[in-house]
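Participant: no sequence on this one, just coordinates:
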């Protein structure tokens, strides 16, 4: 019963305090509030680029903290001259609204996509959906609901919340209690966009083996997935300090 009642609090660990912004690392940015139907807003950072023809990254972070913890990844991605829209889900950072849920974070990602397409006038085929950890599960769902996108990048992705819960509660039949599923393995084969999987072999939170299973399941014949295996990364610092050391295929 504990898992049934507490699972949202165990999965989502938001922090309302945003103590740094991209300005702290010298990045130009615009603070954006994306309005939602019930009066809530999504807080977002827009990092512009001088290259107006490049792909645009929609960045979806993981389950804990807020955008302030994502500065390293955003800095590296932006160094490829890619404009970025990075959002905090409702309940995170300066975003207003109720405590998060699986359904709600999916809705938030769709709202961010709609902002890019309808307000920023970005063609869907120019949008790279980039999800880290829990954000990777949200990225897959968004790729199925909208698109086709330019690509879907899954950074340190897990197979499902059930598989993650089994690592912590091995003696409990967690599949009987979970209603927050985030089942990436079930969905990934339906994606029509090109897929890039990035995972550190030494990741202690999300096992590298989960990425291998996702790679095996994501085999659409017209878009074979890319799998970037980072030998010594533990997950959170998976992107290199010098971005020129590891230029991803999408940057070409």
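Facilitator: Nice, I can see it. The structure presented is a predicted model; accordingly, all values stated were derived computationally and were not measured. Numbers count the residues shown, from 1 in each chain.
Participant: Sketch out the strands for the protein, chain order is fine.
Facilitator: For the chain, the strands defined by DSSP state E cover 13-14, 30-35, 41-47, 56-60, 64-65, 84-87, 127-132, 151-155, 195-200, 226-230.
Participant: In CSV, list those strands along with mean neighbour count, distance to residue 213 and mean pLDDT.
Facilitator: Every C-beta, even on glycine, is put in place using the N, C-alpha and C of the backbone. What follows is these, written out as CSV (neighbours: other CB atoms under 10 Å; distance: least, CB to CB, whole Å; pLDDT from 0 to 100):
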stretch, mean neighbour count, distance to residue 213, mean pLDDT
strand 13-14, 15, 25, 98
strand 30-35, 14, 34, 97
strand 41-47, 21, 31, 98
strand 56-60, 25, 21, 97
strand 64-65, 16, 24, 96
strand 84-87, 26, 28, 98
strand 127-132, 27, 17, 96
strand 151-155, 28, 12, 95
strand 195-200, 24, 10, 92
strand 226-230, 17, 11, 54
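Participant: Tell me which of those sits nearest to residue 177.
Facilitator: Evaluated with CB to CB, the strands of the chain place strand 13-14 nearest to residue 177, the distance being 19.2 Å.
Participant: Report the distance from that closest one to the chain centre.
Facilitator: 15 Å (CA atoms, centre = their mean, to the nearest Å).
Participant: For it, enumerate the helices and strands it packs against.
Facilitator: Strand 13-14 sits against strand 64-65, with contacts defined as 3 or more CB pairs under 8 Å, 6 or more residues apart in numbering; DSSP states H and E.
Participant: Residues in contact with the strand it packs on: which ones?
Facilitator: With contact meaning CB atoms under 8 Å, 6 or more residues apart in numbering, strand 64-65 is reached by 13-15, 92.
Participant: Having no further points to raise, I will conclude here.
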